[in-house]
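Novice: Below are the sequence and a predicted model for it; my questions follow.
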Amino acid sequence: MDVLVGIDMGTGSTKGVLVDASGSVLASETVAHSMDLPRPGWAEVDAEGMWWREVCDISSKLMAAVPSGANVAGLCVSGVGPCLVLCDDDLRPLRPAILYGIDTRATAEIDLLTEEFGGQKILDRAGTLLSSQAVGPKLEWVYRHEPEVFERASGFYGSNSYVAAKLTGEYIQDHHTASQSDPLYLTRDLDWNTQWAQRICRHLALPRLVWPGEVVGTVHADAAEATHIPQGTPVVAGTVDAYSEAFSVGVRHPGDLMLMYGSTMFLVQIIDEYYTDPALWTTTGVEPRTLALAAGTSTAGSLINWLQTITGGASFEALMEEAQAVPPGSDGLLMLPYLAGERTPVFDPHARGIFAGLTLRHGRGHLIRAAYEGIAFGIRQILERFDDAHTAKRTVAVGGGLRSPIWAQTVSDVTGRAQLVPEQAIGASYGDALLAAIAVGLVPPTTDWAKIAREIKPDPGNHERYSEVYATWRELYPATKEQMHRLAASDSAPDHPIV
């Protein structure tokens, strides 16, 4: 019997699964964690103390669950991204890992590099304008603000490539993560943009490019001792967790779309030809020579958690009951959910949240429903841009947010799109296990373990009502942007505490 290990290092937890070649889950493990927010706009983690330690802990527990006589055929690890981990020659991280688009520290470096290379050239070559999601400006930030760290570094990694290096000693970057490391990568040509990469990376060597489903090496002796995974086990590159999750639910063909309901929302749609839009991210897919459009919000489930806390800490079930008692449209209450700035499609780290239309008759249930509706309006705005490239034929919903009885239904009602919900809701770690199974030849490349459990259909009446409200919602951001930015500037002192 052959078994596979998949591990994903997410924003709120690290999850691991042990599966057989049919996709049956034999064991699973989860370790909760949180990011560090040392200053406004900063989001970091301890790559060795958290990511590597948790991979070791979960691997050890999964190995204890391997059936007697079974062979561990392969391992694949995914993680949040794109991130920046700078390491020395001994693979020691020299500073905390800088996280993806929720870390907005490099705004000046975004402007600097955009002016130097030209926004249109960046869009044409990298497929995406520079934003807080891009790795290039974060490298430039470290060079300018922490020169001693940059000078000591010998390599840069994402979350999954750092762990792959710890397991195998190989210095790699998967094509998908590289395509989110703007402006270092030529997405149209599927290769490093050597000229720009050497300018930004300076003395740092560029990693060897591999596809997420490629075997990059085997577990070496030290890693075997730390993880209890047998020495010599093939290690597959892995990629950014959202894309591995999309792969896990069969989002692999042009027109396939994934909506991921989590602390933030992330969208991945497979497209059939190279396409750019300044309001979206154009990336490679998981499989060789595939392309995708992506988008992500800066808040989603985190917004509901915030409201739960500041309104007295009622149970999630009580909040949902109150919100369900509020009619669609929240009795004239609208929300811009930009409490951590916003990524796509506005790309504004200085955007701020707004409740519009508040009256004394509005209660906690109205706030919750308006928040879900604000998130859904943002998704509709993104999907309208996706449609310009390739209209989705099939939408698959995933993520922990599906336990809300309101959220996904509101998204369907606002967008007018049905959503398919898979039977298996494990997430990216399940996609990692499938990538490993394909990479080591246990299953054919076309294998899909996903099974659909149910469909969420839009309510035509609610969709009509929401279409009227959506027009007003779209006016809120441009009408208040100037005021938002003034308020953001007054709260930008570098030592302002996070509360």
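Specialist: That came in fine, so what should we check first?
Novice: Could you tell me which residues make contact with I58?
Specialist: Listed by Cβ atoms under 8 Å, 6 or more residues apart in numbering, the contact set of I58 reads 7, 14-16, 29-31. Every residue, glycine included, has its C-beta placed from N, CA and C.
Novice: Could you list the domains of this protein?
Specialist: What automatic domain parsing lists as the domains of the chain is 2-242, 252-423+459-499.
Novice: From the chain's centroid, how far away is the helix ranked longest in the chain?
Specialist: Scanning the chain for the longest helix, with DSSP state H as the assignment, gives helix 460-489. Taking Cα atoms, centre = their mean, to the nearest Å, one finds helix 460-489 lying 25 Å from the centre of the chain it belongs to.
Novice: And the closest residue to L186 other than its chain neighbours, its phi and psi?
Specialist: Setting aside the residues directly before and after it, L186 is nearest to N193 in space (Cβ to Cβ, 6 or more residues apart in numbering), at 4.7 Å. Main-chain dihedrals, N193, degrees, to the nearest 10: phi -90, psi 80.
Novice: Next, count neighbours for N193.
Specialist: By other Cβ atoms under 10 Å, the residues close to N193 number 24.
Novice: Over to R95?
Specialist: By other Cβ under 10 Å, 18 other residues sit near R95.
Novice: Surely it is within a strand?
Specialist: No - assigned with DSSP: H, G, I helix; E, B strand; the rest coil, R95 falls outside any strand and is coil.
Novice: Got phi/psi on it?
Specialist: According to degrees, to the nearest 10, R95 has phi -160, psi 170.
Novice: What strand or helix carries the closest residue to it other than its chain neighbours?
Specialist: Leaving aside its sequence neighbours, R95 sits nearest to V149 (Cβ to Cβ, 6+ apart; 5.1 Å). Per DSSP states H and E: V149 is located in helix 147-152.
Novice: what's near enough to touch G363?
Specialist: G363 touches E322, counting by Cβ under 8 Å, 6+ apart.
Novice: Numbering from 7 from now on, please.
Specialist: Okay, using 7 as the starting number, the last item reads as G369.
Novice: Check the spacing between it and T317 real quick.
Specialist: Separation of G369 from T317 (Cβ to Cβ, to the nearest Å) stands at 9 Å.
Novice: and what of C62?
Specialist: 39 Å.
Novice: same deal with L325?
Specialist: Distance from L325 to T317, counting by Cβ to Cβ: 8 Å.
Novice: Also G268?
Specialist: From G268 to T317 the distance is 21 Å (Cβ to Cβ).
Novice: and these two? which has more neighbours close in?
Specialist: G268 (23 against 15).
Novice: Test my guess that the more buried one contacts L309.
Specialist: No - distance between G268 and L309: 11.5 Å, which falls outside the contact criterion (Cβ atoms under 8 Å).
Novice: Quick one: low-confidence residue ranges for the stretch 207-356 of the chain.
Specialist: In the prediction, the stretch 207-356 of the chain carries no residues with pLDDT under 70.
Novice: Let me know whether the residue nearest to R101 touches D94 as I believe.
Specialist: No - if you go by Cβ under 8 Å, V155 and D94 don't touch, sitting 9.8 Å apart.
Novice: Find the residues that touch each one of those two.
Specialist: Common neighbours of V155 and D94 (Cβ under 8 Å, 6+ apart) are L100.
Novice: and the residue minimising distance to the centre of the chain, what helix or strand is that in?
Specialist: With distances taken as Cα atoms, centre = their mean, the residue of the chain nearest its centroid is A248 (4.8 Å). Counting by DSSP H and E, the element that carries A248 is helix 247-254.
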